[in-house]
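1. What follows is a protein structure lacking sequence information:
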């Protein structure tokens, strides 16, 4: 990056002129992007497709904001959009730390770099990409939507780049402050929660849109929130444009100053985090310096598990749920959707108490493909199974481990849905149906695990190895249809009680549904155990393909 200068007077070579750090980092960012696209055609196609979609969405959003100009709620919508955008910049590094290699400053610790020029270089290089371009389009559109008059335009010229810089600095400061966590195993597991955040966010947006649509004031419902967000950077920069257009120059100056102060504060926090990262020992050094830790005796839930084969198998299954990324992702998704669907429908006034059974159905799916989560390590399990009795105990222990989570959670969702709807008299009926469905799902899940096992790749986002997608659909869809058939007696009894006018006896569904669910579960385990004991080599071959 430096070239020797011409020979100085006296015959000695002169000092090499230093190249600016910022251009180097910009070229590095472009090189990382270019080399990443060269890795595979699939990654290149995915990047191009995502770029086209993002740019198209940005263009449509810019057009929509321009058309919103002159509307009485233009400022409200613009301020909230900028606030949501800033929130996205703040949380994205936490959930997707590997999405941008330049987010990890610890890769630069061996270079003789000063914090101040490093912050400046990283900030400028962060402006390269689709995300900053999308942010720029949104900020420009919001300014066009609210700017009225020469003063507002002048403030808008400052507000647009200021909004972009605050968003980028916010993401960098958050990433630098949490990089030790994000590069660890626990930190990488944060990405599992991204599905939960997206699901909850989508339901919140849906709920808000329906409430706004049913309100007489329309977008006016958002005015109180916009008034508060207008004083929080970077939304305050956009709110300053609106204030300048209304000739409230003191307010505009104060709001603009808030965004400037936020940018300065974020840059200071970012620089401080970089200094700490560049000068403190990393985790590997600390681990090597610490004395060996003595292994603690197992306590808590593990100490209370049953003896014999059941306890260790239950503990292993629960550890998979807590530590294996793919298993944890599946559980988090099921827990979130099982709670969101009944509760948000109840909040919107369109729900039914029977929607609470959705939680039991989503959680029961976790019984499917029990051996797939073991991957090639299933051979150790297979070595311990020498009879149908061993296979039955293995399946029973796995089902009991799932009961530890699914039973109280399904009960909680049912109670919460009942509380929101106010139909306490129907609570025993709903619980009975949920328990019967849960038992049927566990029974069919045990059979599907033995008959249609498939491999779960540990790398990437696919949940099945190539060529096994058909097994996944057969296992899940076939099992769900079979579970519905198994629940037919309980459903028929429920319908008869209502049609015959015996609603006072619906409380019987709680003990009947519970007993029926338990009987179906253990019946399914009994039927699946011989299949597992007789297909151990086939199961091992199926789950080892990934």
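-> Received it, and whenever you're ready, just let me know what you need. For clarity, every value in this text was computed on a predicted model and none was experimentally measured.

2. Only C-alpha atoms from now on, for both contacts and neighbour counts.
-> OK.

3. ranges for the helices of the stretch 251-400 of the chain?
-> For the stretch 251-400 of the chain, the helices identified by DSSP state H, counting those that start in this stretch occupy 283-289, 310-323, 325-347, 357-364, 378-383, 388-421, in order along the chain.

4. which other residues reach the shortest one?
-> Residues from elsewhere that reach helix 378-383 (Cα atoms under 8 Å, 6 or more residues apart in numbering): 371, 536, 540, 543.

5. hmm, 6 Å instead?
-> Residues outside helix 378-383 that contact it (Cα atoms under 6 Å, 6 or more residues apart in numbering): none.

6. tell me the most buried of the helices of the stretch 251-400 of the chain?
-> Stretch with highest mean neighbour count among these: helix 357-364 (a mean of 26; mean count of other Cα atoms under 10 Å).

7. could you say what helices and strands that one packs with?
-> Taking 3 or more Cα pairs under 6 Å, 6 or more residues apart in numbering; DSSP states H and E as contact, the helices and strands that helix 357-364 lies on are helix 325-347, helix 427-451.

8. With mean pLDDT and distance to residue 381 added, can I get the ones you listed in a markdown table?
-> Output for those, formatted as a markdown table (pLDDT from 0 to 100; distance: least, Cα to Cα, whole Å):
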| stretch | mean pLDDT | distance to residue 381 |
| --- | --- | --- |
| helix 325-347 | 82 | 18 |
| helix 427-451 | 91 | 14 |
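
9. So, low pLDDT: which residues of the chain?
-> Judged against pLDDT under 70, the low-scoring parts of the chain cover residues 1-19, 40, 42-43, 95-104, 106, 180-220, 280-303, 458-467, 546.

10. Tell me how it divides into domains.
-> Each domain of the chain is listed here as a residue range: 27-190+208-281, 304-543, per automatic domain parsing.

11. Quote the end-to-end distance of the last one.
-> Just to be clear, that refers to domain 304-543. Using Cα to Cα, to the nearest Å, the span of domain 304-543 from its first residue to its last is 31 Å.

12. what's the burial count for the residue nearest to residue 449 when sequence neighbours are not counted?
-> Beyond its immediate neighbours in the sequence, the residue positioned closest to residue 449 (Cα to Cα, 6 or more residues apart in numbering) is residue 369, lying 4.3 Å away. By other Cα atoms under 10 Å, 26 other residues sit near residue 369.

13. and what of residue 107?
-> Residue neighbour count, defined by other Cα under 10 Å, stands at 11 for residue 107.

14. Look up how far residue 278 lies from it.
-> Between residue 107 and residue 278 the distance is 10 Å, computed by Cα to Cα.

15. And for residue 46?
-> Between residue 46 and residue 278 the distance is 34 Å, computed by Cα to Cα.

16. Which residue of those two possesses the greater neighbour count?
-> Set side by side, residue 46 and residue 278 give different neighbour counts by other Cα under 10 Å, the larger being at residue 278 (21 against 12).

17. contacting residues for the more buried one?
-> Contacts of residue 278 (Cα under 6 Å, 6+ apart): residue 109.

18. With residue 265 as the reference, measure out to it.
-> Residue 278 is 20 Å from residue 265, by Cα to Cα.

19. you'd agree residue 360 is up against residue 438?
-> Yes. Proximity of residue 360 to residue 438 meets the contact threshold set by Cα atoms under 6 Å, at 5.2 Å.

20. re earlier: out of the helices of the stretch 251-400 of the chain, which comes closest to residue 256?
-> The closest approach between residue 256 and any of the helices of the stretch 251-400 of the chain, judged by Cα to Cα, belongs to helix 325-347 at 38.0 Å.
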